[in-house]
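> Next one to model:
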Amino acid sequence: MRRNLVERGGVICLMLLVLRPGCGPGLGPVQPDRCAGAGVNARNYQRLCGKLPAELLDKQPVKPEHPVMKRIAWLSLSGLMAASLTAAEPGAKDVIKSAAKALGDKPNYSWSMTSKPEGDDTRFTFSAEGKTEKEGCAVFAFTFGDTPVDVVVKGAKVAVKREGEWKTPDELEGNQAWMARRIELFKVPAAEVDDLLGKAKDLKAGEGGLYSGDLTAEGVKEMFGRWRRGGQGPEAKDTKGWVKFWIKGGALTKYQFNTQGRITIGQDQQEMEINRTTTVEIKDVGTTKLSVPEEAKKKLS
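All right, here's what the predicted structure looks like:
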């Protein structure tokens, strides 16, 4: 830029030499104030107009102001400041992901979960109470309708207590077989939050540590697909949903998600509309104690 200004100054002085009498050798007395006023610095004046007058020796180079250049400089500075602020502030997903990781790194925690359809129909309400240890077992009890079920999960191994007897998912038969797939898909809250983040979009921060956004249509469709028996059956249609996370002091305290869509069920291909909201609350972080029955341990060995 400095070189451009110097060259510009030379051009201006040359123009003055041609157009303005009295500015340059052979054209009358040298008038330094005219050249300086035109934006010509001392170096160009000496090079183009002859001997440098004394009155220019103590003067700083005069740079012509250019409104366009000033505006570009200001916009560049503003852009750098905005970029710095953006880099300094983590996004909503980063905040939630960090909170979920922090929860997963805790030695233990408990949670409660309720999943129910929107409206007055409570026949398919699903609730659970659970506990988990880092690198250990997750123990939870849930009720589906009027059916109580106890579950212990360790890594990829699962033990299920039905009708007073502990079984592996492979040992569940008949009407109990559907339960095996659902239990095998179970994720502790820290892992489920990470999964939900992969399906969320347009997450925004609200008041009281609330972060909320929508679930993608493909993400909800994939969630519905998990529950099809044997992974077979028609895909859900018109899928949509939303998700919310509550974070306090960097800790995840609660999350909630809603899934909506239409599926076809039964031999008569009856279409069923689903609108379900699941709420999970985290508690007793670091103070949870759990025990695994000996019969369940045998199934996990």
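> ok, the nearest residue to residue 138 once chain neighbours are set aside - contacts?
Distances taken as CB to CB, 6 or more residues apart in numbering place residue 132 nearest to residue 138, at 4.1 Å, with adjacent residues excluded. C-beta here means a position set from N, CA and C on the backbone, and glycine is covered the same way. By CB atoms under 8 Å, 6 or more residues apart in numbering, the contact list for residue 132 reads 108, 109, 110, 111, 138, 139, 188, 288, 290.
> Show me which of those residues is closest to residue 250.
Distance to residue 250, by CB to CB, is smallest for residue 109 among the contacts of residue 132, at 14.6 Å.
> Before we go further, that closest one is sitting in a strand, right?
Yes: counting by DSSP: H, G, I helix; E, B strand; the rest coil, residue 109 is found in a strand.
> Residue 273 and residue 264 touch, don't they?
No: counting by CB atoms under 8 Å, residue 273 stays clear of residue 264, with 10.9 Å between them.
> out of those two, which sits in the busier spot?
Between residue 273 and residue 264, counted using other CB atoms under 10 Å, residue 264 has the larger neighbour count: 14 against 11.
> Okay, now the sheet partners of the host helix or strand of the more buried one, with direction.
Following DSSP states H and E, one finds residue 264 within strand 251-265. In the sheet, strand 251-265 lines up against strand 237-248 (antiparallel), strand 270-283 (antiparallel) (DSSP bridges).
> taking these together, which one is wrapped up most tightly?
strand 237-248 (a mean of 19; mean count of other CB atoms under 10 Å).
> how near is residue 268 to residue 275?
For residue 268, the distance to residue 275 equals 22 Å [CB to CB, to the nearest Å].
> and if you look at residue 97?
28 Å.
> Equivalent analysis for residue 221, please.
15 Å.
> ditto for residue 108
34 Å.
> Next: residue 102.
32 Å.
> Residue 186 now?
Distance from residue 186 to residue 275, by CB to CB: 22 Å.
> next one: phi and psi at the nearest residue to residue 226 once chain neighbours are set aside?
The shortest distance from residue 226 to any non-neighbouring residue, by CB to CB, 6+ apart, is to residue 185 (5.3 Å). Backbone geometry at residue 185, expressed as degrees, to the nearest 10, gives phi -90, psi 0.
> Neighbours of residue 185, how many?
10.
> Residue 94 now?
Neighbours of residue 94 (other CB under 10 Å): 12.
> how far away is it from residue 198?
14 Å.
> The protein: helices as residue ranges?
2-19, 32-37, 42-49, 67-88, 92-104, 177-184, 189-197, 217-226, 294-300 (DSSP state H).
> What separation do you get for residue 280 and residue 265?
From residue 280 to residue 265 the distance is 26 Å (CB to CB).
> wait, I meant residue 101
38 Å.
> Quick check: buried residues in stretch 149-161?
For stretch 149-161, burial by neighbour count (16 or more other CB atoms under 10 Å) applies to 149, 150, 151, 152, 153, 154, 158, 159, 160, 161.
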